[in-house]
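Engineer: What follows is a predicted structure for the sequence shown.
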Amino acid sequence: KIGPLTTIAMLEGSDLVKEKYVSIHEATKKFATLQIRNMATVGGNICRSSPSADMVPPLVVLGAMLKLVGAKGEREVLIEDFFTGPGTNVLNQEVLREIVISKEKRKYGSAFGKVMRNSGDLAKVNCAVKVVVSEGTCEGIRIALGAVSAKPIRAKNAENAIQGKKISDAVIEAAAEKVVEDIKPITDVRSTIDYRTEVSKVLVRRLIKLAVERIG
């Protein structure tokens, strides 16, 4: 459980997060600057609902649930269903009360990556992967990307390309190529459609391999 006013620096310094939730830890390390990490909160990063929010992809792949509370009571929303567009979300006179990550009983690996213009910049593309492998076969995979659509997204076509198959370079490459069917990047001041498309494939390929390696 993570309180919404938990700062990024607090997450970064957590031994529990570093050991058990590697992709979250990696996202905190790449989040803006040290000064901003000391002030910015995980709840703020979520509720601002930027398509490029760094904390969102790792929380999406971990299946985080958001507890929202308002005058009409409390409800739970899966984080991937929280965002409705750039800077918009499902909050209706509510506040975010808690972020809950259920414990994964299976052995898994996760990873986060980000491409940006400089170390303190918003992402051109960011991505997180969580993969469960048993006897060389992918038994579960979740891939999430930011800055390549109007909101953070699950790359379900890429996931389906590897789900249930024996892990191999060819299968991972097929999943990376499929990610272009999941994303809808734009050209803006930070990057171009073509660059974001190619980098999305590169990140998915690298992060799947890294997540698999981390399973041990």
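Structural biologist: On my side now, so go ahead.

Engineer: Is the residue positioned nearest the centre of the chain within a helix or a strand, and which one?
Structural biologist: Per C-alpha atoms, centre = their mean, the C-alpha nearest to the average position across the chain is that of Pro57, at 1.0 Å. Assigned by DSSP states H and E, Pro57 falls within helix 56-61.

Engineer: Mind giving me the packing neighbours of that helix?
Structural biologist: In terms of contacts (3 or more C-beta pairs under 8 Å, 6 or more residues apart in numbering; DSSP states H and E), helix 56-61 is packed against helix 22-29, helix 42-47, strand 108-116, strand 123-134, strand 137-146. Placement of C-beta: from N, CA and C, glycine included.

Engineer: For Ser14, which of the ones you listed is the nearest?
Structural biologist: helix 22-29 (7.8 Å; C-beta to C-beta).

Engineer: For that closest one, buried residues please.
Structural biologist: 22-28 (16 or more other C-beta atoms under 10 Å).

Engineer: swap in stretch 47-55?
Structural biologist: Result for stretch 47-55 [16+ other C-beta under 10 Å]: buried residues 47, 49-55.

Engineer: which among those gets closest to Ala123?
Structural biologist: Distance ranking of these against Ala123, using C-beta to C-beta, places Ser52 first at 4.5 Å.

Engineer: in a strand, that's where that closest one is, yeah?
Structural biologist: No - checked against DSSP: H, G, I helix; E, B strand; the rest coil, Ser52 lies outside a strand; its state is coil.

Engineer: State the pLDDT value of Ser119.
Structural biologist: In this model, Ser119 is scored at 82, pLDDT.

Engineer: brain fart, Leu122
Structural biologist: 94.

Engineer: quick one: it and Gly146 touch, right?
Structural biologist: No - the criterion here is C-beta atoms under 8 Å, and Leu122 misses it with Gly146 at 9.4 Å.

Engineer: Could you check which of the two is surrounded by more residues?
Structural biologist: More crowded of Leu122 and Gly146, by other C-beta atoms under 10 Å: Gly146, with 26 against 18.

Engineer: Find residues that contact each of Leu122 and Gly146.
Structural biologist: Applying C-beta atoms under 8 Å, 6 or more residues apart in numbering, one finds that Leu122 and Gly146 are jointly contacted by 50, 52.

Engineer: ok so, going back, could I get the helices and strands packed on helix 56-61 as CSV with distance to Arg196?
Structural biologist: What follows is the helices and strands packed on helix 56-61, written out as CSV (distance: least, C-beta to C-beta, whole Å):
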stretch, distance to Arg196
helix 22-29, 18
helix 42-47, 20
strand 108-116, 9
strand 123-134, 5
strand 137-146, 9
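
Engineer: Compare the ones you listed and report which one is nearest to Gly63.
Structural biologist: Once the helices and strands packed on helix 56-61 are compared by C-beta to C-beta, strand 137-146 is nearest, at 7.4 Å.

Engineer: So which other helices or strands are in contact with the closest one?
Structural biologist: Strand 137-146 packs on helix 56-61, strand 123-134, strand 153-154, helix 156-162, helix 193-215, going by 3+ C-beta pairs under 8 Å, 6+ apart.
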